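Trainee: coords please:
(2 chains)
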Amino acid sequence: AQRVTQPEKLLSVFKGAPVELKCNYSYSGSPELFWYVQYSRQRLQLLLRHISRESIKGFTADLNKGETSFHLKKPFAQEEDSAMYYCALLDSNYQLIWGAGTKLIIKP
Amino acid sequence: NAGVTQTPKFRILKIGQSMTLQCAQDMNHNYMYWYRQDPGMGLKLIYYSVGAGITDKGEVPNGYNVSRSTTEDFPLRLELAAPSQTSVYFCATRREPLGEQYFGPGTRLTVT
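Mentor: Residues are numbered from 1 along each chain as shown, chains lettered A, B, ... in the order given. As a prediction, the model looks like this:
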């Protein structure tokens, strides 16, 4: 079954500390994965996608097919990173399968 | 460009009432989606459309209907509102051939 799991509902770290938001997936084919972010009172927006291998706002995510993971990382958290983060998997019908989301709080 | 717009932003319905959630886009995207987001849950797909005149059910279509008479508009209809439909509703589009989706600001619906 196709599934995306974000095991942490809430993650709280201090400013300047490293951040890792976990995402695990279950998919039989070659996965295409995304991280979306929703800042307070803003709409959901794309943060990054694994096929472009880019770094956005200091965040990176590497696809690990062996561990079926796509964890989101940032070496030094900033207060403006506080938001809801969603991991999503694109299925064969071009529909996104969503994780439940992780609320990231950056403490000053 | 406005992108994806949704109206209303908030609405309170009584059980059994009906309403239409509006979604419009000016990006000329063929694919459009309706999701609901319940507290602590991921987004669940209600209906989607691959172009004007074509719609299909998603994961949780019961209690909803959609139409797609134009590329720009994709309204979601609730006929007999139930408390289980209390949720935040998001409309989204997809830019082909890529997979990423573009979201509206959402409509927060409460059914009491």
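Trainee: list the contacts for residue 2?
Mentor: You didn't pick a chain, so chain A it is. A:25-28, A:89, A:91, A:97 (CB atoms under 8 Å, 6 or more residues apart in numbering or on different chains). For glycine as for every other residue, the C-beta is placed from the backbone atoms N, C-alpha and C.
Trainee: right idea, wrong chain: chain B
Mentor: Per CB under 8 Å, 6+ apart, neighbours of residue B:2: B:24, B:26.
Trainee: what about stretch B:33-45, average pLDDT?
Mentor: Stretch B:33-45 comes out with an average pLDDT of 89.
Trainee: which residues does the residue nearest the centre of chain B contact?
Mentor: Nearest to the geometric centre of chain B sits residue B:34, at 3.1 Å (CA atoms, centre = their mean). Contact analysis of residue B:34 by CB under 8 Å, 6+ apart lists B:21, B:23, B:45-48, B:58, B:64, B:66, B:74, B:76, B:89-92.
Trainee: give me the number of residues near residue A:28?
Mentor: 8 (other CB atoms under 10 Å in any protein chain shown).
Trainee: Check it and give its pLDDT.
Mentor: For residue A:28, pLDDT reads 87.
Trainee: which one is residue B:83 nearest to, not counting chain neighbours?
Mentor: Setting aside the residues directly before and after it, residue B:83 is nearest to residue B:111 in space (CB to CB, 6 or more residues apart in numbering or on different chains), at 5.1 Å.
Trainee: I'd like the distance between that neighbour and residue B:12.
Mentor: Separation of residue B:111 from residue B:12 (CB to CB, to the nearest Å) stands at 8 Å.
Trainee: neighbour count winner among these two?
Mentor: Taking neighbours as other CB under 10 Å, residue B:111 and residue B:12 compare with residue B:111 leading, 20 against 12.
Trainee: Write down the beta-bridge partners of that one, one by one.
Mentor: Assessed by DSSP bridges, residue B:111 has beta-bridge partners residue B:13.
Trainee: okay, it: pLDDT?
Mentor: Predicted confidence (pLDDT) for residue B:111: 96.
Trainee: so what's it up against?
Mentor: B:12-15, B:81-86.
Trainee: again, but for residue A:36
Mentor: A:44-47, A:85-88.
Trainee: most neighbours, which of the residues you listed?
Mentor: residue A:87 (29 neighbours).
Trainee: So which residues of the chain form strands?
Mentor: Picked chain A for this. A:3-5, A:10-14, A:19-21, A:24-26, A:32-38, A:45-49, A:60-61, A:72-74, A:83-90, A:96-98, A:102-107 (DSSP state E).
Trainee: you looked at the wrong chain, it should be chain B
Mentor: Applying DSSP E to chain B gives strands spanning B:4-7, B:10-13, B:19-25, B:31-37, B:43-51, B:54-57, B:64-66, B:76-78, B:87-94, B:101-103, B:107-111.
Trainee: beta partners of the residue in chain A that chain B sits nearest to?
Mentor: Residue nearest to chain B within chain A (CB to the nearest CB): residue A:98, separated by 3.5 Å. As for beta bridges, residue A:98 partners with residue A:88 under DSSP bridges.
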